[in-house]
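Engineer: next input, structure requested:
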Amino acid sequence: MHNPRAVDLRIDARWIIPVEPAGTLTDHALIVDGGRIVALAKSADADRDYAAAARVTLSDHVLIPGLVNAHVHAAMTLLRGVADDVPLKPWLEVEIWPREGRLVAPDFVYDGTLLGAAEMLRGGVTCANDMYFFPDAAARAYEQAGMRAMLGMPILDFPTPYAADADAYLARGLAARDAFKHASRLSFSLAPHAPYTVSDATWNTIVMYARQLDLSIQTHVAETKAEVDEARAATHETPLARLDRLGATGPTFIAIHSVHLDAGDIDRLATQGCHVVHCPGSNMKLASGIAPITSLLARNINVALGSDGAASNNRLDIFGEMRLASLLAKVSTGNAAAVPAPTALRMATLNGAAAIGLDAEIGSLEVGKQADLTAVRIGSVETLPMFDPASHLVNAAGREHVSDVWVAGARVVDDGRLTTLDVAALESRAHAWQQRIA
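Structural biologist: A predicted model of the protein is given here:
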C-alpha cells in the first residue's frame, strides 16, 4: 500500500517557470517541506505521492522564482522623489549627501528599509542586495519583513553621521556582520561606495578583509562618462582597471551600473568571472547612459538587475527593470532579438542570486533549493490573452499582478496582503518622515 509523504505545502499553478532548467511546466504542483522545494510534479502524481498540511491553488497564475533586486539602497525609499530631474553629480553632492548628513540615523534606516521591503515584497522581490549606512538597522528591518537580503557594509574616505573614516566604517560594518551571523536569511559583503570616493590605501584594506573573511566586494563603478574621464585624467586608467590593479576584481566582485566600459574593462570582467548589476531605470533617469549589456552577455558575464534606490529611480520595481533592460538592449543595438524575455527573467532571478553568491540556494525552482516563490496572476483584461508566459511576464504583466509571495516556504504576501508588516503603521511612519524631511 502506498503511503503519501507528509509535507508542509503544495502549490498548484496553471504555469510554473523553473528558470533553470529552462521550460514552462503546465498544470504542475510544487511541493515544499521544511522551507525547501522537494518536488515539481504533475498534479495527478502529487495527489498520489504527497499529503500537504496546506494547499494553495493558483488557477490563472504563473509561479516563478522570487525576484532578486541585486542593487538597492532600501532606506532611501524615504527620499523618494526628493530631487528628481537632476544629473548624478549634483544630485549626490547638492541634493542627497547634505540631506543624508542631517537625517541618516538608525531610525531613518530602519523605517526606510521596512518601507522598501514592503514595496519589494508586494512586487515579487524576495531577496535584495542592499548597500547603505547602519546595516544593522537594515538587518533588523529585513528580519521583521521576513525577506532575504545581502547587506553591504558601506565604506567611504570621508565622514558621515555613520562613521568618521574608513577604519570606522569597516569596524562598524564588521560588528553588524558579527551581530547577525546566525540570521539564516541575511548575509554581508564589503561595499566601498565607488572608486572616486575610496583611496588606494583603503581599497588595499578592503581587499585584505575580503580575502581573509571570504566576503564579496560590491561597488558602483563606471556609472557616468565624467567618472571615467576624470579617472583617466588622474591615473591614466579606467576605474575598473584601477580596481583590477589593486586586486579588488575577481569572481566575488560585483560591478554596479558599469555603464561606460571599454573593451579592456569588458575583457577583465569576463576573464575574471566578475558580476555586473544593470540598473536601467536609475541610469536612464540620471541620464547616465545605456550599459553595454549585449556585449557583456556575449562574453558570458553574469548580468543581474537592480532598481537602485527610490531616490534615484522612484520605484523598487524589478518587473519594470526587466522590461527596460530588454527594450534598451533592442533599441541600442538595432536588434529586436537582443535580451529576449527568458534572458531578462533569468537576469531578475538566477543571475541575481549568482551575483550575490546564493545561486545554490535561490533563483530557480529546483528540488533542494529554498522555496522563495512569486505568483503572478494572468487573468485580467490587461493581461489577456496570453500565449507565452515568460514573454508575458516581461512585456505585459507588472508588479501590480503579483498576488502571493513565499520566502523559505513562509507566505509573506497573501493575495496582495503583507502578512509580516503593518501597512497602516508603515504609511504613518512614511508621512511623519515626509514632514520632517520637507
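
Engineer: please count neighbours and contacts with C-alpha atoms only from this point.
Structural biologist: Will do.

Engineer: quick one, strands of the stretch 1-150 of the chain?
Structural biologist: With DSSP state E, counting those that start in this stretch as the criterion, the stretch 1-150 of the chain has strands at 5-16, 25-33, 36-42, 50-65, 67-72, 125-131, 148-155.

Engineer: tabulate those in CSV, adding columns for mean neighbour count and distance to residue 163.
Structural biologist: Shown next, in CSV, are the strands of the stretch 1-150 of the chain (neighbours: other C-alpha atoms under 10 Å; distance: least, C-alpha to C-alpha, whole Å):
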stretch, mean neighbour count, distance to residue 163
strand 5-16, 20, 45
strand 25-33, 21, 43
strand 36-42, 20, 39
strand 50-65, 19, 37
strand 67-72, 30, 21
strand 125-131, 29, 15
strand 148-155, 27, 9
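
Engineer: need these in a markdown table (columns: distance to residue 327).
Structural biologist: As requested, the strands of the stretch 1-150 of the chain are exported to a markdown table (distance: least, C-alpha to C-alpha, whole Å):
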| stretch | distance to residue 327 |
| --- | --- |
| strand 5-16 | 25 |
| strand 25-33 | 26 |
| strand 36-42 | 32 |
| strand 50-65 | 21 |
| strand 67-72 | 19 |
| strand 125-131 | 21 |
| strand 148-155 | 28 |
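
Engineer: and these: which comes nearest residue 330?
Structural biologist: Evaluated over those, closeness to residue 330 peaks at strand 67-72, with 22.1 Å, by C-alpha to C-alpha.

Engineer: who are the packing partners of that closest one?
Structural biologist: Secondary-structure packing of strand 67-72 (3 or more C-alpha pairs under 8 Å, 6 or more residues apart in numbering; DSSP states H and E): strand 125-131, strand 302-305, helix 318-333, helix 350-355.

Engineer: how about a cut-off of 6 Å?
Structural biologist: strand 125-131 (3 or more C-alpha pairs under 6 Å, 6 or more residues apart in numbering; DSSP states H and E).

Engineer: just the angle between the strand it packs on and strand 50-65, please?
Structural biologist: Put simply, strand 125-131 runs at 50 degrees to strand 50-65, going by axes from the mean of the first three to the mean of the last three C-alpha atoms, to 10 degrees.

Engineer: ok, strand 125-131: who's next to it in the sheet?
Structural biologist: Next to strand 125-131 in the sheet, as set by DSSP bridges, lie strand 67-72 (parallel), strand 148-155 (parallel).

Engineer: so for that strand, mean pLDDT?
Structural biologist: The average of the pLDDT scores along strand 125-131 is 98.

Engineer: ok, stretch 29-37 next?
Structural biologist: 98.

Engineer: tell me how far the ends of that stretch are from each other?
Structural biologist: End-to-end distance for stretch 29-37: 11 Å, by C-alpha to C-alpha, to the nearest Å.

Engineer: chain center to that stretch, what's the gap?
Structural biologist: Centroid separation for stretch 29-37 versus its chain: 23 Å, with C-alpha atoms, centre = their mean, to the nearest Å.

Engineer: next one: stretch 237-256
Structural biologist: Remark: stretch 237-256 is offset 21 Å from the chain centroid, using C-alpha atoms, centre = their mean.

Engineer: okay, buried residues for that stretch please.
Structural biologist: Buried residues in stretch 237-256, defined by neighbour count with 16 or more other C-alpha atoms under 10 Å: 237-244, 248-256.

Engineer: for the strands paired with strand 125-131, which one sits closest to residue 269?
Structural biologist: Closest approach to residue 269 among those is made by strand 67-72 (17.2 Å; C-alpha to C-alpha).

Engineer: list of residues touching the closest one?
Structural biologist: With contact meaning C-alpha atoms under 6 Å, 6 or more residues apart in numbering, strand 67-72 is reached by 124-130, 305-309, 348-349, 352.

Engineer: and of the residues you listed, the nearest to residue 33?
Structural biologist: Comparing those against residue 33 with C-alpha to C-alpha places residue 126 closest, at 18.3 Å.

Engineer: how close does the closest residue in space to residue 412 that isn't next to it in sequence get to residue 151?
Structural biologist: Nearest residue to residue 412 in three dimensions, chain neighbours excluded: residue 419, at 5.1 Å (C-alpha to C-alpha, 6 or more residues apart in numbering). Separation of residue 419 from residue 151 (C-alpha to C-alpha) stands at 23 Å.

Engineer: over to residue 114?
Structural biologist: From residue 114 to residue 151 the distance is 14 Å (C-alpha to C-alpha).

Engineer: for residue 237, same thing?
Structural biologist: Residue 237 is 30 Å from residue 151, where distance means C-alpha to C-alpha.

Engineer: try residue 334
Structural biologist: Computed as C-alpha to C-alpha, the residue 334 to residue 151 distance reads 37 Å.

Engineer: one more: residue 411?
Structural biologist: For residue 411, the distance to residue 151 equals 23 Å [C-alpha to C-alpha].

Engineer: over to residue 80?
Structural biologist: 21 Å.

Engineer: before we move on, what about residue 21?
Structural biologist: Per C-alpha to C-alpha, residue 21 is found 29 Å from residue 151.

Engineer: could you do residue 189 as well?
Structural biologist: 6 Å.

Engineer: next one: residue 317
Structural biologist: The spacing between residue 317 and residue 151, counted by C-alpha to C-alpha, is 19 Å.
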